[in-house]
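**Student:** Task: produce atomic coordinates for the following.
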Amino acid sequence: MKTSNLARATVAALLGVAVASLPARAEIKNYEFQLTQPTVQVGADRIVTVRLVDKSTGKPVPDAVIFATRLDMAPDGMQEMVTKVTPMPGTEPGTYRFKATFSMAGRWQLSLGAKVQGETGTVDNKLVVTAGK
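**Tutor:** This is a model prediction of the structure:
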């Protein structure tokens, strides 16, 4: 009986050490997109750059897979005013660029959905870009 209890205690201790030594993982809610520039000029082929950041460390997150993009004028009550968003290569790790036409002045909402390497869940953010003349 004593050997059985000792064996269980040893296994439990080893499991505790093994779990404690696993690398800590951030939760998906610790990631967010941030605009690098909140304004653009009205016109065609304007570039919007965002940075994906781990909020717990403040560091940029490279190699995310962005699978959903939408740009519309929802902040100004015109959700039906949608424009095409074209992904462009980033200029530095953790930045993501998009080309779009801002056909009129006002507030445009950039909605993004992304997967972060090694994490479960989806980063979903809505960012407001102001187009001016």
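**Student:** Please count neighbours and contacts with C-alpha atoms only from this point.
**Tutor:** Noted.
**Student:** got the buried residues for the longest strand along the chain?
**Tutor:** Across the chain, the strand with the greatest residue count (assigned by DSSP state E) is strand 43-54. Residues of strand 43-54 classed as buried by neighbour count (16 or more other Cα atoms under 10 Å): 47, 48, 49, 50, 51, 52, 53, 54.
**Student:** What of stretch 50-68?
**Tutor:** Quick answer for stretch 50-68 (16+ other Cα under 10 Å): 50, 51, 52, 53, 54, 60, 61, 62, 64, 66.
**Student:** Next secondary structure element downstream of the longest strand of the chain?
**Tutor:** The first helix or strand that comes after strand 43-54 along the chain, using DSSP states H and E, is strand 59-60.
**Student:** That next one pairs with which strands, parallel or anti?
**Tutor:** The pairing partners recorded for strand 59-60 under DSSP bridges are strand 43-54 (antiparallel).
**Student:** On the C-terminal side of the worst-scoring helix or strand of the chain on mean pLDDT, identify the next helix or strand.
**Tutor:** The least trusted helix or strand in the chain, going by mean pLDDT, DSSP states H and E, turns out to be helix 2-20, with a mean of 51. The element immediately downstream of helix 2-20 (helix or strand, assigned by DSSP H and E) is strand 31-35.
**Student:** what helices or strands is whatever helix or strand comes next after that next one leaning on?
**Tutor:** Per DSSP H and E, the first helix or strand lying C-terminal to strand 31-35 is strand 39-41. Contacts defined by 3 or more Cα pairs under 8 Å, 6 or more residues apart in numbering; DSSP states H and E place strand 39-41 against strand 43-54, strand 123-132.
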